[in-house]
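>>> just the structure for this:
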Amino acid sequence: RRRLLVGGGGGEEAAAALGPGSVARLLLGKALRRCGLWDDAWAALFAGEQQAAAAEGEAVNAFAYQLTKVAVLALQEVLSRPWPTPSTGGGGGGTAAATS
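Residues are numbered from 1 along each chain as shown. Below you'll find the model as predicted:
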């Protein structure tokens, strides 16, 4: 059996602070993140964070940590894509041809 450890320790207190709903949202966010579904992962984690904040629970820290991971990994993916190179043709590359 694996234990969910959330940044900063706290042991049993931290584990008790995460209710079943929070754990489910964290796992959903992690699964979506691993699939590269950044928007869906963000939405699931953000909803969980809002719910935890309304309940004034300590689970907010776990959601903030996971949201940061989603943001960093999504940014890394975007930055790893090849950047388009400017065309070296004359005149700005418009599609309309001049007719006379």
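
>>> for Phe63, which non-adjacent residue is closest in space?
Nearest residue to Phe63 in three dimensions, chain neighbours excluded: Glu49, at 3.6 Å (C-beta to C-beta, 6 or more residues apart in numbering). For every residue, glycine as well, the C-beta is placed using N, CA and C.

>>> the one you found: neighbour count?
21 (other C-beta atoms under 10 Å).

>>> give the contact list for it.
60, 63-64, 67 (C-beta atoms under 8 Å, 6 or more residues apart in numbering).

>>> sort out for me which of the residues you listed are in strands.
Among those, DSSP state E puts none in strands.

>>> now tabulate those in a markdown table and tack on neighbour count.
Listed next are those as a markdown table, based on neighbours: other C-beta atoms under 10 Å:
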| residue | neighbour count |
| --- | --- |
| Val60 | 19 |
| Phe63 | 26 |
| Ala64 | 16 |
| Leu67 | 17 |
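
>>> any idea how far the residue nearest to Phe63 lies from Leu27?
15 Å (C-beta to C-beta, to the nearest Å).

>>> mind checking pLDDT for Glu56?
Looking at Glu56, its pLDDT is 76.

>>> one more: Ala71?
pLDDT, read off for Ala71, is 92.

>>> gap between it and Phe63?
Taking C-beta to C-beta, one finds Ala71 at 12 Å from Phe63.

>>> longest single helix anywhere in this protein?
Ranked by number of residues, the top helix in the chain under DSSP state H is helix 59-80.

>>> can I get the contacts of Glu49 in TSV with pLDDT and distance to Ala43?
Putting the contacts of Glu49 into TSV (pLDDT from 0 to 100; distance: C-beta to C-beta, whole Å) gives the following:
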residue	pLDDT	distance to Ala43
Val60	88	17
Phe63	90	12
Ala64	91	15
Leu67	93	11
